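Visitor: what's the 3D shape of this:
(2 chains)
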Protein chains: 2
Amino acid sequence: MRDIFTAELAALGEDLTAMSRLVESAIASAGTALLTADLPLAETVIADDHTIDAIERDLDERCVLLIAQQQPVARDLRVVVSALRMSASLERMGDLARHIAEVARLRYPATAVPEALRGTFTEMHQGAVAVSQRVTEVLASYDLEQAAEIERADDVLDRLHAQTFGATLGGTVGGAHSGAGPLTAQETVDVTLCARYFERFGDHGVAVARRVVYLVTGDFADERGA
Amino acid sequence: MRDIFTAELAALGEDLTAMSRLVESAIASAGTALLTADLPLAETVIADDHTIDAIERDLDERCVLLIAQQQPVARDLRVVVSALRMSASLERMGDLARHIAEVARLRYPATAVPEALRGTFTEMHQGAVAVSQRVTEVLASYDLEQAAEIERADDVLDRLHAQTFGATLGGTVGGAHSGAGPLTAQETVDVTLCARYFERFGDHGVAVARRVVYLVTGDFADERGA
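Guide: Residues are numbered from 1 along each chain as shown, chains lettered A, B, ... in the order given. Take a look at the predicted model:
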């Protein structure tokens, strides 16, 4: 029984890691689609999100089956319950990538990100990709140093998110889309939502990181602190 | 053993319902604070959110203990796992109420909602309160008709959310806060975020409703469909 359980647990971990790789790819593509007005890429992210959703449902089912059939206790049980929670965070990160791709699709052939905020959004995209890559690594390695890196990357995303507000509100709003000029209402809406989506990647990454830290050390930092 | 399990399961259900009542109250107060620039009320919502977070953590612990000690299978196990998921949705609704209260606090003594959108936001507030009340009822009664009502209330919130975009983008943006005039950049940002928070209440309510429908009928509508 124990061998079966260990094997099932390993398979669960591998599938979570594979799911995280898909999320990583969705975030990378969604950000690129947003920044370069790449319609086919945006369509791909939107179409592929159901794959991530399906993996979450499958992982859910298997976690429940694993509990029912193997009746794990103590740490084993916590690992399985944590997998349920972490797959929910990953699924949500997939949704956020889809939302970003939807904004890109909606504005095509224009780009949703105004010129003045291109640098900030490029950095946010890099930060979100960094978070998602580290989430994959943490899930594969349970490396606490990687978990700490996710917290730092989240801080960067929070700072960039705050910057977008400064930039959005910096000038009087009302001009048409132009170089570094003021933002239109549409641009303000797009920037506000997309910046929030990028910032949420960090929160979900931190939630996964803290679950892993908890499993390794037994010490649970407040998951909602971020 | 069976009696203990039944009693624990009932206690879990009661605590979920109690948690949902707190969320209901947070949503009601946050919306009122937003619409009337009521600072003390906003502060209360912000300060009380940790209570909802603490209940979620407690419910989590108890679900895991219940699985470990009673080793439920089949439907019993699904009820416990669903409780884990539903408490996560409720906790998130509490966070969203706190975010709305934070916007109210940030704009005080002004109101974050511009005059032109007062009607729409009042309706969104009512819709969100209706969703949260029905979530409490569904958790207490497992009444499928109430679950269907949540889906309808969510549709209303989606429609109102779309309306705010229309209103935000209707005029050229750039004027100062005024009666029914164009929105400032700050107003556009606040309206965009708060409308999204209200819309998300509906999504989380639907997620809870679908879990309940699944437990009652075994039929799981796509939880992410909304």
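Visitor: where does the nearest residue to A:V213 once chain neighbours are set aside land on pLDDT?
Guide: Closest residue to A:V213 apart from its sequence neighbours, by Cβ to Cβ, 6 or more residues apart in numbering or on different chains: A:A147 at 5.2 Å. Any C-beta I mention is one placed from the backbone N, CA and C, and that applies to glycine too. Confidence at A:A147, expressed as pLDDT, is 96.
Visitor: ok, now how distant is A:A147 from A:E199?
Guide: Distance, A:A147 to A:E199, by Cβ to Cβ, to the nearest Å: 19 Å.
Visitor: and these two? Which one has more around it.
Guide: A:A147 (25 against 22; other Cβ atoms under 10 Å in any protein chain shown).
Visitor: for that one, give me its contacts.
Guide: Neighbouring residues of A:A147 by Cβ atoms under 8 Å, 6 or more residues apart in numbering or on different chains: A:R134, A:V138, A:A209, A:R210, A:V212, A:V213.
Visitor: can you redo the residues you listed as CSV with secondary structure, pLDDT and neighbour count?
Guide: Below are those laid out as CSV (DSSP: H, G, I helix; E, B strand; the rest coil; pLDDT from 0 to 100; neighbours: other Cβ atoms under 10 Å in any protein chain shown):
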residue, secondary structure, pLDDT, neighbour count
A:R134, helix, 97, 25
A:V138, helix, 97, 27
A:A209, helix, 97, 29
A:R210, helix, 95, 21
A:V212, helix, 94, 21
A:V213, helix, 94, 20
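Visitor: can you add distance to A:T44 and give those residues back as CSV?
Guide: CSV is the format used below for the contacts of A:A147 (distance: Cβ to Cβ, whole Å):
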residue, distance to A:T44
A:R134, 24
A:V138, 26
A:A209, 28
A:R210, 31
A:V212, 29
A:V213, 34
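Visitor: just these now: which is nearest chain B?
Guide: A:R210 (12.2 Å; Cβ to the nearest Cβ).
Visitor: how about low-confidence regions in chain A?
Guide: A:1, A:171-181, A:220-226 (pLDDT under 70).
Visitor: list, one by one, the residues from it near chain B.
Guide: Residues of chain A found near chain B (Cβ under 8 Å from any Cβ of the partner chain) are A:53, A:60, A:63-64, A:67-68, A:71-74, A:77-78, A:81, A:84-85, A:88, A:91, A:95, A:165, A:168-169, A:171-175, A:182-186, A:188-189, A:192-193, A:196, A:222, A:224.
Visitor: show me the helices in chain A, by range?
Guide: A:2-36, A:39-70, A:74-107, A:118-141, A:144-170, A:185-217 (DSSP state H).
Visitor: right, and those helices - which one's nearest B:E43?
Guide: helix A:144-170 (22.0 Å; Cβ to Cβ).
Visitor: buried ones in that closest one?
Guide: A:146-147, A:149-151, A:153-154, A:156-157, A:160-161, A:163-164, A:167-169 (16 or more other Cβ atoms under 10 Å in any protein chain shown).
Visitor: filter the residues of chain A next to chain B down to the buried ones.
Guide: A:53, A:60, A:63-64, A:67-68, A:71-72, A:77-78, A:81, A:84-85, A:88, A:91, A:95, A:168-169, A:173-174, A:182-186, A:188-189, A:192-193, A:196, A:224.
Visitor: could I get the contacting residues of A:L77?
Guide: A:I67, B:V64, B:I67, B:A68.
Visitor: output those in TSV, with distance to A:S20 appended to each entry.
Guide: What follows is the contacts of A:L77, written out as TSV (distance: Cβ to Cβ, whole Å):
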residue	distance to A:S20
A:I67	22
B:V64	23
B:I67	25
B:A68	27
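Visitor: between those, which sits nearest A:R118?
Guide: B:V64 (46.1 Å).
Visitor: thought the closest one was touching A:V79?
Guide: No: look at B:V64 against A:V79 with Cβ atoms under 8 Å: they stay out of range, at 10.9 Å.
Visitor: for A:L106, give me its contacts.
Guide: A:L106 neighbours (Cβ under 8 Å, 6+ apart): A:A112.
Visitor: and it, how far from B:M124?
Guide: For A:L106, the distance to B:M124 - Cβ to Cβ - is 22 Å.
Visitor: repeat for A:S132
Guide: Applying Cβ to Cβ to A:S132 and B:M124 gives a distance of 32 Å.
Visitor: surely A:A26 meets A:D95?
Guide: No: using Cβ under 8 Å, A:A26 is not in contact with A:D95, being 9.5 Å away.
Visitor: what sits in contact with each of those two?
Guide: Common neighbours of A:A26 and A:D95 (Cβ under 8 Å, 6+ apart) are A:D49.
Visitor: OK, contacts around A:F198?
Guide: A:G31, A:I100, A:F121, A:M124, A:H125, A:G127, A:A128, A:L157, A:L160, A:H161.
Visitor: quick one: the fourth one and chain B, what's the gap?
Guide: Read it as A:M124. 16 Å (Cβ to the nearest Cβ, to the nearest Å).
Visitor: that residue - how many residues pack around it?
Guide: 29.
Visitor: give me the nearest residue to it, chain neighbours excluded.
Guide: Nearest to A:M124 is A:F198, by Cβ to Cβ, 6+ apart, at 4.2 Å.
Visitor: swap in A:E151?
Guide: That would be A:V206: by Cβ to Cβ, 6+ apart, it lies 6.0 Å from A:E151.
Visitor: now swap in A:R118 and tell me
Guide: Nearest to A:R118 is A:L35, by Cβ to Cβ, 6+ apart, at 7.1 Å.
Visitor: likewise for A:V189?
Guide: B:T192 (4.9 Å).
Visitor: pretty sure that neighbour is in contact with A:L193, am I right?
Guide: Yes: counting by Cβ under 8 Å, A:L193 is a contact partner of B:T192 at 6.2 Å.
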